[in-house]
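Asker: just the structure for this:
(4 chains)
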Protein chains: 2
Amino acid sequence: MDRLELRTLRYFVAVAEELHFGRAAVRLHMSQPPLSRAIRALETELGATLFHRASTGVILTGAGAVLLDEARALLDRADRVRARVATAAGAAALTVGILGDSTDPDVVRLAETYRRRHPHVEVTIRETDLTDPTCGLHAGLVDVALTRGPFDPTGLTTHTLRADPVGALLRADDPLAGRASLTPADLADRRWFRFPAGTDPLWQAYWHGGEPRRGPVVRTVRECQQVVLWNGTVGMTLAEHVPAEGLTVVPLTGLPPSPVLLAWPRADPSPLVRSFVRTAIAAYDAA
Amino acid sequence: MDRLELRTLRYFVAVAEELHFGRAAVRLHMSQPPLSRAIRALETELGATLFHRASTGVILTGAGAVLLDEARALLDRADRVRARVATAAGAAALTVGILGDSTDPDVVRLAETYRRRHPHVEVTIRETDLTDPTCGLHAGLVDVALTRGPFDPTGLTTHTLRADPVGALLRADDPLAGRASLTPADLADRRWFRFPAGTDPLWQAYWHGGEPRRGPVVRTVRECQQVVLWNGTVGMTLAEHVPAEGLTVVPLTGLPPSPVLLAWPRADPSPLVRSFVRTAIAAYDAA
DNA sequence: TGCGACGATACCCGTGCGGTATCGGGTGCG
DNA sequence: CGCACCCGATACCGCACGGGTATCGTCGCA
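Answerer: Numbers count the residues shown, from 1 in each chain, chains lettered A, B, ... in the order given. Coordinates of the predicted model:
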């Protein structure tokens, strides 16, 4: 009674249009055997032969032609359901907080994907400087944050997407710039750039290499680079970070990698927030 | 992208009509938690809130009302697809062979179920006497057989549904009639009813208690009972069999139980045969 | 304040779906 | 005539998802 699902009908339409199981499978981004099985099961379910499989090729039977017609109509209608519900839900807005002043191509792609799948949602990207890892979540400025940890998770739900190794950001002419890797101890006597007082303690501690530091206070990635470039202060950044001219990055060992994570208010997230989270997780899983 | 399936929409319609998750779950023959999850996932998928869950009860949102409308239309159309394809497939006929001259209520229920789900199929039940366990499959008289083993499976596909213990069929005044159980050895000196020469050897051997026997030849259940009643001949039957007046059944130990099975020609079974097999397996699994 | 109703959450388990590897047979070419 | 390739079917496997039970949190009411 329950093999007749929209997914199965999409499979059927693909095969009926290609008249070739292999090509249809490619189009459906799957392999051929499960497709053959699904069509076979559909035939069993309906009690009718939908394709004649001859060595010369695959052709539709009469029943198959009728089903093709019906299936297309059904799928068209199903596709419109999303739009109808979306307009009925009215104008919807979602503000996504992202961390830092650098433009991350991943974030741009994610926003595009989400806008394509939820065209009725007005998506606003709000960039925050490095002093607030929650990107304004606690202040209620954004609905969901695509940011980095660690920070105080009180009242928030978080989901870690990835973790990136970190490195030391040095002047290219620094004595340690040629080293293959460094530990925080190697830089214990240096001046580090720091985040302002009041910044989340966990966050501050992490980027200070796990120790209390002294040095100039910065708020943005650009400031970090400028401070390092100007006066030989050091600091942490992502190991993959491609630094500005005159700077270099040396991998830091002995430190946990920097987690990329989603965060949103714990209490009763809206469907929009949940759908964004789902989309983001799917996108990062795929990458 | 793929949470929007007909099954999910059926869930949604049930909840929207009951405005009560628990009752909707009952109607859908499932428990309440998976239903809540499914609706929640649907909301996430669509990026819209479909129900307001207040302590006073559940009410539809505007988006929910629109979806209810759309979902009903979609489900109606989907239900008609089956009928459309069936008529396009043309008049179809399926002959089911069953074993024996006794009417089995399970078989009647199964036939009813199948006819309800495949109204375009002309289902014919063909009863065979006990001399052909394939119910005319080899002779091409039936498309699929609902019968018992064992028999020569050459050219056939079989699927065992169940196995029933067997017993000895005795006159009620037989000296052994009071025993709690018997073995074939206990009856070694008796005359057994037999199946005619030419009957499938495996089948014959099974019902003769695994040994060659001498005695009157029978072809039907009624004949078996009559022969035993008239002259004290013995034979095997199902242990659960409720015998006619003057007869008794004593469980036989040391013999494999009698398998109930489906059989159909191995070569390229039609969708009708496959759908019948599926229905039958589901029915016997449920029982 | 205790209890009942009801939806949400946590956790477990089996099944179904999609994957890879391989088969079989039919066709076409050397 | 045989070999090789094309293509759908089959076999088998692993995992995610859907369904289950148990329990929680919260709200209304006695």
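Asker: what residues does the stretch 1-150 of chain A have near chain B?
Answerer: Proximity of the stretch 1-150 of chain A to chain B, by Cβ under 8 Å from any Cβ of the partner chain, involves residues A:1-2, A:4-7, A:43-49, A:61-63, A:65-67, A:70-71, A:73-74, A:77-78, A:80-82, A:84-86, A:88-90, A:92, A:117-118, A:120-121. C-beta coordinates here come from the backbone N, C-alpha and C atoms, glycine included.
Asker: among these, which lie within helices?
Answerer: Counting by DSSP state H, the part of those found in helices is A:6-7, A:43-46, A:62-63, A:65-67, A:70-71, A:73-74, A:77-78, A:80-82, A:84-86, A:88-89, A:117.
Asker: filter those residues down to the buried ones, ChimeraX style.
Answerer: Buried subset of those, written as a ChimeraX selection, criterion 16 or more other Cβ atoms under 10 Å in any protein chain shown:
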select /A:6,43,44,45,46,63,66,67,70,71,74,78,81,82,85,86,88,89
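Asker: can you verify residue A:123 is assigned to a strand?
Answerer: Yes: checked against DSSP: H, G, I helix; E, B strand; the rest coil, residue A:123 lies within a strand.
Asker: any idea what it is bridged to?
Answerer: residue A:94 (DSSP bridges).
Asker: again with residue A:167
Answerer: residue A:237, residue A:251.
Asker: what's the per-residue pLDDT of the closest residue to residue A:129 other than its chain neighbours here?
Answerer: What sits nearest to residue A:129 in space, not counting adjacent residues and going by Cβ to Cβ, 6 or more residues apart in numbering or on different chains, is residue A:219, at 4.4 Å. On pLDDT, residue A:219 comes in at 88.
Asker: count of neighbours near residue A:219?
Answerer: 17 (other Cβ atoms under 10 Å in any protein chain shown).
Asker: touching stretch A:69-82 from outside, list them.
Answerer: A:6, A:9-10, A:12-13, A:16, B:4, B:46, B:67, B:70-71, B:73-74, B:77-78, B:80-81, B:84-85 (Cβ atoms under 8 Å, 6 or more residues apart in numbering or on different chains).
Asker: neighbours of the residue in the stretch 151-287 of chain A that DNA strand C sits nearest to, just the number please.
Answerer: Nearest residue of the stretch 151-287 of chain A to DNA strand C: residue A:268, at 7.9 Å (Cβ to the nearest atom of the strand). For residue A:268, the tally of surrounding residues (other Cβ under 10 Å) stands at 7.
Asker: same question, residue A:140
Answerer: Neighbours around residue A:140, by other Cβ under 10 Å: 9.
Asker: what sits against it?
Answerer: Residue A:140 sits next to no residue when contact means Cβ under 8 Å, 6+ apart.
Asker: and what of residue A:248?
Answerer: Taking Cβ under 8 Å, 6+ apart as the test, what residue A:248 contacts is A:169-172, A:174, A:177.
Asker: let's go with 6 Å and repeat that
Answerer: Taking Cβ atoms under 6 Å, 6 or more residues apart in numbering or on different chains, we find residue A:248 in contact with A:170, A:172, A:177.
Asker: helix/strand/coil for it?
Answerer: The local conformation at residue A:248, judged by three-state DSSP, is strand.
Asker: residue A:222: which element?
Answerer: Assigned by DSSP states H and E, residue A:222 belongs to helix A:221-231.
Asker: in that helix, what counts as buried?
Answerer: A:221, A:223-229.
Asker: closest to chain B among those?
Answerer: For the buried residues of helix A:221-231, the residue nearest chain B by Cβ to the nearest Cβ is residue A:221; the value is 32.0 Å.
Asker: tell me how far that closest one lies from residue B:149.
Answerer: As defined by Cβ to Cβ, to the nearest Å, residue A:221 lies at a distance of 76 Å from residue B:149.
Asker: for chain A, give me the ranges with low pLDDT.
Answerer: Applying pLDDT under 70 to chain A flags the ranges A:1, A:101-103, A:286-287.
Asker: what's the domain layout of it?
Answerer: What automatic domain parsing lists as the domains of chain A is A:6-88, A:92-160+A:259-286, A:166-256.
Asker: ok, residue A:42 touching residue A:9?
Answerer: No: Residue A:42 is beyond contact range of residue A:9, at 8.2 Å (criterion: Cβ atoms under 6 Å).
Asker: I would like the residues contacting the helix or strand harbouring residue A:53, please.
Answerer: In this structure, residue A:53 sits in strand A:51-54 according to DSSP H and E. For strand A:51-54, contacts defined as Cβ under 6 Å, 6+ apart pick out A:58-59, A:61, A:64.
Asker: is DNA strand D contacted by it?
Answerer: Yes: using Cβ under 7 Å from any atom of the strand, strand A:51-54 comes into contact with DNA strand D via residue A:53.
Asker: before we move on, what about stretch A:260-271?
Answerer: No: contact between stretch A:260-271 and DNA strand D is absent, the nearest approach being 9.4 Å (criterion: Cβ under 7 Å from any atom of the strand).
Asker: measure that stretch end to end?
Answerer: 22 Å (Cα to Cα, to the nearest Å).
Asker: want to throw the domains of chain A into JSON lines with distance to residue B:185?
Answerer: JSON lines is the format used below for the domains of chain A (distance: least, Cβ to Cβ, whole Å):
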{"stretch": "domain A:6-88", "distance to residue B:185": "47"}
{"stretch": "domain A:92-160+A:259-286", "distance to residue B:185": "66"}
{"stretch": "domain A:166-256", "distance to residue B:185": "76"}
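Asker: and of these, who's closest to residue B:209?
Answerer: domain A:6-88 (39.5 Å; Cβ to Cβ).
Asker: and the closest one, end to end?
Answerer: 23 Å.
Asker: how far off centre is that domain?
Answerer: Taking the mean of its C-alpha atoms, domain A:6-88 sits 31 Å from the chain's own mean (Cα atoms, centre = their mean, to the nearest Å).
Asker: could you tell me the angle between the helix or strand that contains residue A:35 and helix B:62-89?
Answerer: Using DSSP H and E, residue A:35 maps to helix A:32-46. Using axes from the mean of the first three to the mean of the last three Cα atoms, to 10 degrees, the direction of helix A:32-46 lies 80 degrees away from that of helix B:62-89.
Asker: which parts of helix A:32-46 are buried?
Answerer: Buried residues in helix A:32-46 (16+ other Cβ under 10 Å): A:35-36, A:38-39, A:42-46.
Asker: contacts made by it with the rest, please.
Answerer: In contact with helix A:32-46 (Cβ under 6 Å, 6+ apart) are residues A:3, A:8, A:11, A:15, A:21-22, A:25, A:49-50, B:85, B:271, B:274-275, B:278.
Asker: dump that helix to CSV, restricted to CA.
Answerer: Coordinates of each C-alpha in helix A:32-46 appear next as CSV, following Å, rounded to 0.1, in the frame of the first residue of the first chain:
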residue,chain,number,x,y,z
GLN,A,32,21.7,1.6,-11.3
PRO,A,33,20.9,-1.5,-9.2
PRO,A,34,18.7,0.3,-6.6
LEU,A,35,16.9,2.0,-9.4
SER,A,36,16.1,-1.3,-11.1
ARG,A,37,14.9,-2.6,-7.8
ALA,A,38,12.7,0.4,-7.2
ILE,A,39,11.0,0.2,-10.6
ARG,A,40,10.5,-3.5,-10.2
ALA,A,41,8.9,-2.9,-6.8
LEU,A,42,6.7,-0.2,-8.3
GLU,A,43,5.5,-2.7,-10.9
THR,A,44,4.8,-5.2,-8.2
GLU,A,45,2.9,-2.6,-6.2
LEU,A,46,0.7,-1.6,-9.1
